[in-house]
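Asker: let's see this in three dimensions:
(chains A and B)
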Amino acid sequence: MFLTCLSLAAAVRLAPLPFADALASGIRETLLVPFLQLQMLTERSRVRRTEFATIVAQRDSAVAVAGQVPALEGENARLRAILGLRTRMSVRHVAGEVVHQSLPSDGTTLIVSVGAADGVERWAPVVAVGGLVGNVQTVDKGTSVVYTWTHPEFAVSVTALDERVVGIASPARGSGATMMLELRGVPYRGDVPVGTQVVTAGLGGVYPRGIPVGYVRGVIDEREGWSRSFLLEPAVHPAAVSHVLILLAQAGDLSAGFERP
Amino acid sequence: MNGQGSGLKVGIVLFALVIMHFTVRPLIGHNDVAPDFMLLALMFYAIRSRPGYAAIAGFSIGIVADALSPVAVGSSALAHTVVGYLQAWGKAVFFPDNLLVTTGFLFAGVWIRNLLVLLAGSQLDGMGLFWAMGTWSVAQAVTTTVTGIVVVLVFRRWFKIEMVQ
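Answerer: You can find the predicted model right below:
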């Protein structure tokens, strides 16, 4: 029985991607529906509790330290950042909760609590408060699977310094287990200062222009007289994201929706 | 207590662990460190059953975990199958009804599962794998083991685990 199970598991692992995706999707849409509903309910109740605690804290702050206006302004700014992205986003979108899982691979893919019933389609760009998270790979009725930028197959065309620099960003390993991004294909003469914000270029038809992808941290590779590669600090860490926005329509430039550093 | 009644009670605890995986786990701290209740249920089942049945249970839970985190579908099924089988097989070699041995079994189970998932999924190598296994996996193994020990202590009569060696 052990060898049978092992062979089955190996066969699934080596099966073509469409079959594996269909199998995973089938399990999510049948056996796991009640369990995922439970987890989504838990996530929602956690958010509501946090919101309630924030409201109570604000009320207490207002009553107890009415004179400490700067502190209240700071709290307000933090809450506005969470809600603001939604109001600033000029394109049709839907908000979803991230349903995190226990495997060490969580963060490479994310399950989000919105699906086909909410208008989500495959390849739809996914963003969070800081910037780009990834894109939708599989759409079920009530949930979607997002491939984040940490996925080995992820790549996005990016630009910086008002389009003077254009390249491709893909995942790279930072020090230790930290996931970073690598900006490749920048012409040798194109210098990019540390701290420069890198945004999506809007090429390729998947991601609209202007979504922050990361910030330059330094040069990691140079081909003399040919090209340079830069290490990017990601704008968003998928494993820490609790809410995302999924864009439902094509958009032009979204840079106004995100705050500049 | 007859064997059927005991089995039913253990079954209730295992089902409760699966439910807790989807309801309690999201409320506990950092996702990478929070205990894996579903793996805990598999390991408790495995150390009380035959290796073949434990492998089937491992495959079933693994394929469910693959559906929830579909980076490399099949890698989790493979890892859970191996862990389930090894836990049940280890029962014959070691003495499982003992708190210390159970602690070791639980810790090793989580750590080996994470290692196999990452290796079978070809997701990390070199320093990345070393860091992931040396930090987050150890942390998750510790929290899962502590949770498992609490479960054992609360339900020790149902699990028939001895308190001393």
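Asker: tell me the pLDDT at the residue of chain B found nearest chain A?
Answerer: Taking C-beta to the nearest C-beta, chain A has its nearest neighbour within chain B at B:Gly74, 2.8 Å off. Bear in mind the C-beta positions are built from the backbone N, C-alpha and C, glycine included. With respect to pLDDT, B:Gly74 scores 91.
Asker: what secondary structure does residue 102 sit in?
Answerer: Using chain A here. Classification of A:Ser102 by DSSP: H, G, I helix; E, B strand; the rest coil places it in coil.
Asker: hmm, no, I was thinking of chain B.
Answerer: Taking three-state DSSP, the label given to B:Thr102 is helix.
Asker: before we move on, back to that, give me the nearest residue to the residue of chain B closest to chain A, chain neighbours excluded.
Answerer: For B:Gly74, ignoring the flanking residues on the chain, the nearest one in space by C-beta to C-beta, 6 or more residues apart in numbering or on different chains is A:Arg13 at 2.8 Å.
Asker: try A:Val136
Answerer: Computed as C-beta to C-beta, 6+ apart, the closest residue to A:Val136 that is not its neighbour in sequence is A:Ala124, at 4.5 Å.
Asker: touching, the one you found and A:Ile246? I think so.
Answerer: Yes. Using C-beta atoms under 8 Å, A:Ala124 is in contact with A:Ile246, at 5.1 Å.
Asker: got any residues that touch both of those two?
Answerer: Residues touching both A:Ala124 and A:Ile246 (C-beta atoms under 8 Å, 6 or more residues apart in numbering or on different chains): A:Val136.
Asker: compare these two and say which is more crowded by neighbours.
Answerer: Using other C-beta atoms under 10 Å in any protein chain shown as the criterion, A:Ala124 and A:Ile246 rank with A:Ile246 on top: 25 against 20.
Asker: what comes up buried for the helix or strand encompassing the residue nearest to B:Gly74?
Answerer: Element membership for A:Arg13 (DSSP states H and E) is helix A:2-14. With burial defined by 16 or more other C-beta atoms under 10 Å in any protein chain shown, the residues of helix A:2-14 counted as buried are A:Phe2, A:Cys5, A:Leu6, A:Leu8, A:Ala9, A:Ala10, A:Val12, A:Arg13.
Asker: next one: stretch A:111-125
Answerer: By neighbour count on 16+ other C-beta under 10 Å, the buried set for stretch A:111-125 is A:Ile111, A:Val112, A:Ser113, A:Val114, A:Gly115, A:Asp118, A:Val120, A:Ala124, A:Pro125.
Asker: ditto for stretch A:23-40
Answerer: For stretch A:23-40, the neighbour count (16+ other C-beta under 10 Å) marks A:Leu23, A:Ala24, A:Ser25, A:Ile27, A:Arg28, A:Glu29, A:Leu32, A:Phe35, A:Leu36, A:Leu38, A:Gln39, A:Met40 as buried.
Asker: any chance you could map the strands in chain A?
Answerer: With strands called from DSSP state E, chain A shows them at A:93-99, A:109-112, A:125-127, A:132-139, A:144-148, A:156-160, A:165-173, A:179-187, A:197-200, A:212-223, A:227-234, A:243-247.
Asker: now for chain A, the helix or strand with the poorest mean pLDDT.
Answerer: Least confident helix or strand, chain A: helix A:69-88 with a mean of 59, by mean pLDDT, DSSP states H and E.
Asker: low-confidence regions, the stretch 101-250 of chain A specifically.
Answerer: A:174-177, A:190, A:223-225 (pLDDT under 70).
Asker: correction: the previous question concerned chain B.
Answerer: The model of chain B has pLDDT under 70 over residues B:1-5, B:95-96, B:124, B:160-165.
Asker: give me the number of residues near the nearest residue in space to A:Gly134 that is not next to it in sequence?
Answerer: Excluding the flanking residues, the one nearest A:Gly134 by C-beta to C-beta, 6+ apart is A:Thr148, at 3.9 Å. Residues lying near A:Thr148 (other C-beta under 10 Å) number 27.
Asker: equivalent analysis for the one 3 residues further on, please.
Answerer: Here the count is done by other C-beta under 10 Å, and A:His151 has 21 residues near it.
Asker: verify the stated contact: it with A:Asn135.
Answerer: No. If you go by C-beta under 8 Å, A:His151 and A:Asn135 don't touch, sitting 9.5 Å apart.
Asker: tilt between the strand or helix carrying B:Ala57 and strand A:144-148?
Answerer: Taking DSSP H and E as the definition, B:Ala57 sits inside helix B:51-68. On the basis of axes from the mean of the first three to the mean of the last three C-alpha atoms, to 10 degrees, helix B:51-68 is oriented at 80 degrees to strand A:144-148.
Asker: does chain A sit close to helix B:51-68?
Answerer: Yes. Residues of helix B:51-68 are located near chain A by C-beta under 8 Å from any C-beta of the partner chain, namely B:51-53, B:55-56, B:58-59, B:62-68.
Asker: rewinding a little: so which of the strands of chain A is the most surrounded?
Answerer: strand A:125-127 (a mean of 27; mean count of other C-beta atoms under 10 Å in any protein chain shown).
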